[in-house]
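[1] fold the following.
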Amino acid sequence: MLIPSSVEARTLAEIRSSGTLKLMTEGAYKPFNFYQGKTLTGFDVELGTALAQKMNLKYEWKSAGFDSLLISLSQDRFDVVVASHTITDERAKSVDFINYYCTNGVWVVRQGGEKVKTNLRTKTIAAQVGTTNLEFLPKVIPGLPAANIKSYPKDTDALQALIAGRVDAWSTDEFVALDAIKSTTAAKLELGGTLYLQRNGMAVKKGNSTLQKALQDALSSLYADGTYTKLSQKYFGKDIRCPK
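    As a prediction, this is how the structure comes out:
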């Protein structure tokens, strides 16, 4: 559980006074946030940049390990995290979310691998530390032994474990899975199936209501002017906002 800092986060007025919105992401979760050479890009990054521009602010991006992002947010190192966090009751105790897309938690296997969810309890499954892809495995696969769950620092590490045959399956986001299957054709990976539904959000420090509202208003404007749909189509071939 995250413990909120006693230091106040920057309010919207303070951010506007500085002229710059400080954003944070992981940088290792393609196609949402990743590096092309030294350039940070992806759906999360382009959307966060568009939000800052809609708010008439400059923007500054930084990246860090996924499991440290919400902790750093509580310590006021930046203003908003845009890193595909699944919204959970536990996380919502420590941060405030702005929902910006929906997806599925899925599992991926090598060709001929297990496609029946109930049978996964006898398999070894890889997932990234600090993610709901890891946290939810015992809940969505009853009887799965803790010893069969293998955690890795990055989602790409979990993917490589599957490709190398060190695990039987990889738990991840559906869009991440589809991108990996497409970009690693020699590995002959296949989508196993759906584990659970996800509502994902960008996060601000708990109680920072002025910034939360400003980001929600800016996101609504990006929905209305077609920017969100254009970015979503670019990365996923469809609009991934949650249905009303």
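[2] just the CA trace of the helix or strand containing residue 172, in PDB.
    Using DSSP states H and E, residue 172 falls within strand 169-173. The C-alpha coordinates for strand 169-173 follow below in PDB (Å, rounded to 0.1, in the frame of the first residue of the first chain):
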ATOM      1  CA  ALA A 169       2.600 -18.500 -20.400                       C
ATOM      2  CA  TRP A 170       2.900 -14.700 -20.100                       C
ATOM      3  CA  SER A 171       0.200 -12.500 -18.400                       C
ATOM      4  CA  THR A 172      -0.100  -9.000 -19.900                       C
ATOM      5  CA  ASP A 173      -2.300  -6.400 -21.500                       C
END
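[3] and the next helix or strand past it?
    That would be, after strand 169-173 and using DSSP H and E, helix 174-183.
[4] give me phi/psi at the residue positioned nearest the centre of the chain?
    Centrality entry for the chain: nearest residue to the mean C-alpha point is residue 84, 2.0 Å, by C-alpha atoms, centre = their mean. Per-residue torsions, residue 84: phi 60, psi 40 (degrees, to the nearest 10).
[5] the worst-scoring helix or strand of the chain on mean pLDDT packs against which elements?
    In the chain, no helix or strand scores lower on mean pLDDT, DSSP states H and E than helix 69-74, which sits at a mean of 90. Packing partners of helix 69-74 (3 or more C-beta pairs under 8 Å, 6 or more residues apart in numbering; DSSP states H and E): strand 20-25, strand 80-86, strand 95-110, strand 189-205. In this view, the C-beta of every residue, glycine as well, is placed from N, C-alpha and C.
[6] so which of those gets nearest residue 57?
    When the helices and strands packed on helix 69-74 are compared by C-beta to C-beta, strand 20-25 sits nearest residue 57, at 4.6 Å.
[7] any idea of the angle the strand holding residue 172 forms with strand 95-110?
    Per axes from the mean of the first three to the mean of the last three C-alpha atoms, to 10 degrees, the angle that strand 169-173 makes with strand 95-110 is 140 degrees.
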